[in-house]
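S.K.: Provide a 3D model corresponding to the input given below.
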Amino acid sequence: INGETVLLTFWPHPRLVLYPDEHQLRLLSTFEEKAKLLREAGIDHLITIPFTKEFSQLTSREFIESVLVDSIQTKKLVIGYDHRFGKNREGSFEYLQTHHQEFGFDLEEISRQDVEDIGVSSTKIRHALVSGDIETAINYLGRPYELNGIVIKGEQIGRSIGFPTANVHIPNDYKLIPKDGVYAIEALVGGSLYKAMLNIGNRPTVNGTKKTVEANLFDFQGDLYDKQITIFIKAFLRNEQKFDGLEALKAQLYVDQKNAKKVL
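M.R.: Residues are numbered from 1 along each chain as shown. Model prediction:
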């Protein structure tokens, strides 16, 4: 229709507002990651509506009239096959199908996305990531799973055994962190992409007490502290395990590095 593309989304995630105590929601993408992906996909405008309890009381008709018609002047609406909106989730594709001509826009439904005859959903991707099934997660996402963070100072144990690591702080606690273990990854720092390996876990060999995300970048020289880092997870190599001291850990890290390079 020679129009401009607009993607409409809500933030915070509605479940975080409506059911804050029900469960700890883990999302596949932070808002910033989602915005970057949409920009790369060629979307002209991203509109974020602050989701509040008051906003959740809008009926589907009020939402259509105030947001889609009056504010955006929608000429064509594209909507997911199972999307519901408005108070008590009363709005649906069927409702829009019946009323869209009255509102003055065309309507198109996005069918369920199938990969090898399986309906793709964020739930299935989350399950794959927390079980270490990176191959399935990448297949369903259509891209490697991504973590974005800032490199902070760690205990520098890796440096002492010849494997310096970037201790990555993931600032958004709602971002899903994959299963504990060792991964083959690529790391983007300052516009350069490095092959690398990643450890997620509590570091039992050194009696670690909290979960860390630590990347060892191959062929990197220099200081990473306070730098932004983007991690692209390519493959799961092994579970985290406790070794009999640093020498045994060091020997395993050489094996991990070799396996990661082979995968990458």
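S.K.: For the rest of this, base every contact and every neighbour count on C-alpha atoms.
M.R.: Noted.
S.K.: what about residue 65, neighbour count?
M.R.: Residues near residue 65, counting by other C-alpha atoms under 10 Å, number 15.
S.K.: and what of residue 185?
M.R.: Residues near residue 185, counting by other C-alpha under 10 Å: 27.
S.K.: can you list the weak-confidence ranges in this structure?
M.R.: Within the chain, the stretches with pLDDT under 70 are 22-23, 158, 160.
S.K.: Just the helices from it, written as ranges.
M.R.: 14-18, 31-40, 60-63, 93-103, 122-130, 134-141, 157-160, 246-263 (DSSP state H).
S.K.: Put the alpha carbons of the fourth one into CSV.
M.R.: Taking only C-alpha atoms (Å, rounded to 0.1, in the frame of the first residue of the first chain), the coordinates of helix 93-103 have been written out as CSV:
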residue,chain,number,x,y,z
PHE,A,93,-8.7,-12.0,14.9
GLU,A,94,-12.3,-13.2,14.6
TYR,A,95,-13.5,-10.0,16.2
LEU,A,96,-11.4,-7.9,13.8
GLN,A,97,-12.5,-10.0,10.8
THR,A,98,-16.1,-9.0,11.6
HIS,A,99,-15.5,-5.3,12.3
HIS,A,100,-12.4,-4.2,10.3
GLN,A,101,-14.3,-2.6,7.5
GLU,A,102,-16.2,-0.5,10.0
PHE,A,103,-12.8,0.8,11.3
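S.K.: list the buried ones in that helix?
M.R.: Residues of helix 93-103 classed as buried: 93, 96, 100, 103 (neighbour count, 16 or more other C-alpha atoms under 10 Å).
S.K.: gap between that helix and the chain center?
M.R.: Centre-to-centre, helix 93-103 and its host chain are 33 Å apart (C-alpha atoms, centre = their mean, to the nearest Å).
S.K.: domain assignment for the protein?
M.R.: 6-112, 113-143, 144-263 (automatic domain parsing).
S.K.: With respect to burial, which of those scores highest?
M.R.: domain 144-263 (a mean of 17; mean count of other C-alpha atoms under 10 Å).
S.K.: Run the chain-centre distance for that one.
M.R.: On C-alpha atoms, centre = their mean, the centre of domain 144-263 falls 18 Å from that of its chain.
S.K.: mind checking the end-to-end distance for that domain?
M.R.: 14 Å (C-alpha to C-alpha, to the nearest Å).
S.K.: which one of the helices of the chain lies closest to residue 74?
M.R.: helix 93-103 (9.0 Å; C-alpha to C-alpha).
S.K.: name the helices or strands packed onto the closest one?
M.R.: strand 106-110 (3 or more C-alpha pairs under 8 Å, 6 or more residues apart in numbering; DSSP states H and E).
S.K.: Now do the strand it packs on: everything it contacts.
M.R.: The contact list for strand 106-110 (C-alpha atoms under 8 Å, 6 or more residues apart in numbering) reads 75-81, 93, 96-97, 100.
S.K.: As JSON lines, these with distance to residue 162 would be great.
M.R.: Shown next, in JSON lines, are the contacts of strand 106-110 (distance: C-alpha to C-alpha, whole Å):
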{"residue": "75", "distance to residue 162": "60"}
{"residue": "76", "distance to residue 162": "58"}
{"residue": "77", "distance to residue 162": "56"}
{"residue": "78", "distance to residue 162": "53"}
{"residue": "79", "distance to residue 162": "52"}
{"residue": "80", "distance to residue 162": "50"}
{"residue": "81", "distance to residue 162": "52"}
{"residue": "93", "distance to residue 162": "58"}
{"residue": "96", "distance to residue 162": "61"}
{"residue": "97", "distance to residue 162": "63"}
{"residue": "100", "distance to residue 162": "64"}
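S.K.: If anything else comes up later, I'll come back, but that's it for now.
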